[in-house]
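Colleague: with the sequence up front, the predicted model follows.
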Amino acid sequence: MMDNRQLLLRGLPKIDELLLDEQLVFFMESTPRSVVVDAAREIIDELRREILSGEREDTPEKDELIAEICDRITGKKKRNLRTLINATGVVLHTNLGRSNLCRAAVESVTAVADSYSNLEYDLKKGARGLRHDHVEKIIAKITGAEAAMVVNNNAAATMLCLSAMAFGKEVITSRGELVEIGGSFRIPEIMEQSGAHLKEVGTTNKTRPSDYRNAYDPEKTGALMKVHTSNYRILGFTQEVTLKEMVDLGKEMNLPVIYDMGSGLMADLTRYGVDEPTVLDAVNDGADVVLFSGDKLLGGPQGGILIGKKEYIDRMKKHPLARAFRVDKMTLAAMEATFFEYLDMENAKKTIPVLQMITVSGEELQNKADRLIEAIKVRTDAFTLGSEPCKDQVGGGSAPTVRLNGIAVSIASDTVPAERLERLFRRAETPVIVRVAHDKVLLSVRTIKEEEIETAASAVLFAAAQAGVN
Ligand SMILES: *Cc1c(COP(=O)(O)O)cnc(C)c1O
C-alpha cells in the first residue's frame, strides 16, 4: 500500500524542471550555474527528508519552492565568514572569534588595509624600518617592560620564546602548570616542538621552591617557566611557587624566568569579580619574558605579545621563527590602537568591548533586556517574553571559576520547542547564538551590542515566521 509519504515524494518536482523556471534562469546570468543547481538540489533534498521524517505533510506550491531556492542562492552568495550575534553571555567565546575590537582599532585596520603604509619603512631616515617598531614603544609604555614584540598568537609566542631562549636545554616547569588550551596546544608538546626539553617538577597539587633547586643542573638547565593555569584551578591541599619566588630562584641560578600568562589582563578587574593576574604585576614581579594573547582579556586582535628584557626580545626578533610567526599590517594596526586605549585605564573599560562587557552594571543589563523585549514586542506577540537573572562567563580559557551576574531575555512558546527556536535563530539573516534552559531560549544581553538589539529582535520575528506562529 502506498502511504501518504510516498505520494508526497512523487509530487516533488525534478531538478531539471525547476531549472527551467524564469526566475532561476535569470539568476544564472549573474550566478554560476552550479550554485543555482546546488541550491535547488538542497531544497528538494531537505523537503524529501522532512517528508520521510513525518515533519512535513504537504508539498509546497511551486512559487513557494522557487522563492525558497532563490533565498538559498542569495544565501550561498553571502560570505562564509559572517557576523553574528553572541547571546551566550560568554564574553570571550573562542568559537565566535574571541574579542571584538574597539572602534579605534577597527578604524586603524580599515585605514591601512587598502593603502600603502610605513609597515617596514622608517619615515625619518627614508630607509628600511622594522615592523616591530610600530607597537614596541606603546606596549613598553603601557606595561613598563623594556622591549616588546607581537607574533601570530600566544602559542607562537611560547614556541618562539622557548626556541630562542632554551633550544637544546631543559626548562623547569611545575607539574601543576602543564596546561592544555584546546586540543592542540599543550605545554609539554609545544616545549618539545620548540627544541627545549621539559623538566617537570613537583606534583599536580604541590610544587615548592626546593623542587626547582633540586632539578637545576648548571650544564643542562636553560630557563625556568611558569604557566598561568588560565583555564582551570587546583583547589584544596595546594602549594604554588609564586612568580616572585621564581624570579628569586632565577637570580639564584642565573637563569631567565619565562611567564606564560595566557590572558593579557591589563586593568585590575578584582572589583568586578575577575581575580586574574595583570600584566603589570608580572612585569613588576621581575619576570624576564612575559607572554600573553592579544584577543583574550586584552581585547585586541589575535596575537601573541612578548614583553620583557631587551636582550631576550632582540634575540627573538632575529630568530628564524619570527618570520614564520610574523603578523600582518592589519594586526599591527589593531594592536597599536588597542594599546593606545590603555593610556587611560578608566576610559579603556568603556571603549574596549571585552572590558566594557565585563564591567557593565546590572542596571544597564536590565535596561538593555527591557529594550530588547520592547523591540521584539513591536514585531511579534508569538512568544512569552521575560527577563531573568543568568550566569555569564568571561570565557576564552580565562577566569574559569568566575560567574558574572547577567540578565537574559527568555523566549518561550507553548507550541514551538526551545530547541527548534534555537536552530531557527541560527538560521536568521544575522544568526543569533543563544542558550536553552528549561525549555526556554535565553538571550544573555551582556554580549549583545547596543546596535544589535533591533537585529536580534528581527531574528525573533524570523523564527516566529519560520515556525508559523507569528
Ligand atoms: C590561551 C593560552 C595560550 C594560547 O594562546 P593563543 O593566543 O590562543 O594561541 C597559551 N597559554 C595559556 C596559558 C593560555 O591561556
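Modeller: Perfect, thanks for sending it. Numbering: from 1, shown residues only.
Colleague: does residue 173 count as helix, strand or coil?
Modeller: At residue 173 the chain is in strand, as set by DSSP: H, G, I helix; E, B strand; the rest coil.
Colleague: tell me the pLDDT of it.
Modeller: Looking at residue 173, its pLDDT is 97.
Colleague: same thing with residue 1?
Modeller: For residue 1, pLDDT reads 45.
Colleague: so what's residue 156 up against?
Modeller: 304, 321, 325 (CB atoms under 8 Å, 6 or more residues apart in numbering). The way it works is simple: take the backbone N, C-alpha and C, and place the C-beta from them, glycine included.
Colleague: if any of the residues you listed are buried, give me the PyMOL selection for them.
Modeller: The PyMOL command for the buried members of the contacts of residue 156 (criterion: 16 or more other CB atoms under 10 Å) is given here:
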select buried, resi 304+321+325
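Colleague: list the ones among the contacts of residue 156 that fall in helices.
Modeller: Within these, residues falling in helices by DSSP state H are residue 321.
Colleague: so which of the contacts of residue 156 reach the ligand?
Modeller: residue 304 (CB under 6 Å from any ligand atom).
Colleague: got the contacts of residue 156 as JSON lines, with pLDDT columns?
Modeller: As requested, the contacts of residue 156 are exported to JSON lines (pLDDT from 0 to 100):
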{"residue": "304", "pLDDT": "98"}
{"residue": "321", "pLDDT": "97"}
{"residue": "325", "pLDDT": "97"}
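Colleague: for the contacts of residue 156, which one is nearest the ligand?
Modeller: Distance to the ligand across the contacts of residue 156 (CB to the nearest ligand atom) is lowest for residue 304, with 5.5 Å.
Colleague: tell me who's in contact with that closest one.
Modeller: Contacts of residue 304 by CB under 8 Å, 6+ apart are 150-158, 160, 291-294, 325.
Colleague: check residue 11 too.
Modeller: Residues in contact with residue 11 (CB under 8 Å, 6+ apart) are residue 59.
Colleague: now the closest residue to the ligand within the stretch 301-450 of the chain, nearest residue through space, not along the chain?
Modeller: Taking CB to the nearest ligand atom, the ligand has its nearest neighbour within the stretch 301-450 of the chain at residue 397, 4.8 Å off. Distances taken as CB to CB, 6 or more residues apart in numbering put residue 231 closest to residue 397, at 3.6 Å, once the chain neighbours are dropped.
Colleague: cool, residue 104 as well?
Modeller: Closest to residue 104 by CB to CB, 6+ apart is residue 337, at 4.3 Å.
Colleague: now the helix or strand in which the one you found is found: how far from the chain's centre is it?
Modeller: Residue 337 is part of helix 329-341 when elements are defined by DSSP states H and E. Distance of helix 329-341 from the chain centroid (CA atoms, centre = their mean, to the nearest Å) equals 17 Å.
Colleague: likewise for stretch 142-155?
Modeller: The chain centroid and the centroid of stretch 142-155 are separated by 19 Å under CA atoms, centre = their mean.
Colleague: close to the ligand, is the helix holding residue 337?
Modeller: No. Between helix 329-341 and the ligand, judged by CB under 6 Å from any ligand atom, nothing touches; the nearest distance is 12.0 Å.
Colleague: from the ligand, how far out is residue 139?
Modeller: 16 Å (CB to the nearest ligand atom, to the nearest Å).
Colleague: just the pLDDT at that residue, thanks.
Modeller: Reading off the model, residue 139 has pLDDT 97.
Colleague: got it, and residue 48?
Modeller: 93.
Colleague: hmm, it is touching residue 9, no?
Modeller: Yes. Taking contacts as CB atoms under 8 Å, residue 48 lies within contact range of residue 9: 6.2 Å.
Colleague: and which of the contacts of residue 304 is nearest to residue 170?
Modeller: Ranked by distance to residue 170 (CB to CB), the contacts of residue 304 are led by residue 158 at 16.2 Å.
Colleague: burial of that closest one, as a residue count?
Modeller: 25 (other CB atoms under 10 Å).
Colleague: am I right that it is in a strand?
Modeller: No. Using three-state DSSP, the assignment for residue 158 is helix, not a strand.
Colleague: do me a favour and average the pLDDT over the helix or strand encompassing residue 155.
Modeller: Using DSSP H and E, residue 155 falls within helix 154-166. In this model, helix 154-166 has an average pLDDT of 97.
Colleague: do that helix and the ligand meet at all?
Modeller: Yes. Helix 154-166 lies within reach of the ligand by CB under 6 Å from any ligand atom, at 154-155, 158.
Colleague: would you reformat those residues as TSV and include distance to residue 92?
Modeller: Converted to TSV, those look like this (distance: CB to CB, whole Å):
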residue	distance to residue 92
154	13
155	16
158	19
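Colleague: what is the nearest of those to residue 392?
Modeller: Nearest to residue 392 among the residues of helix 154-166 next to the ligand, counting by CB to CB, is residue 154 at 23.6 Å.
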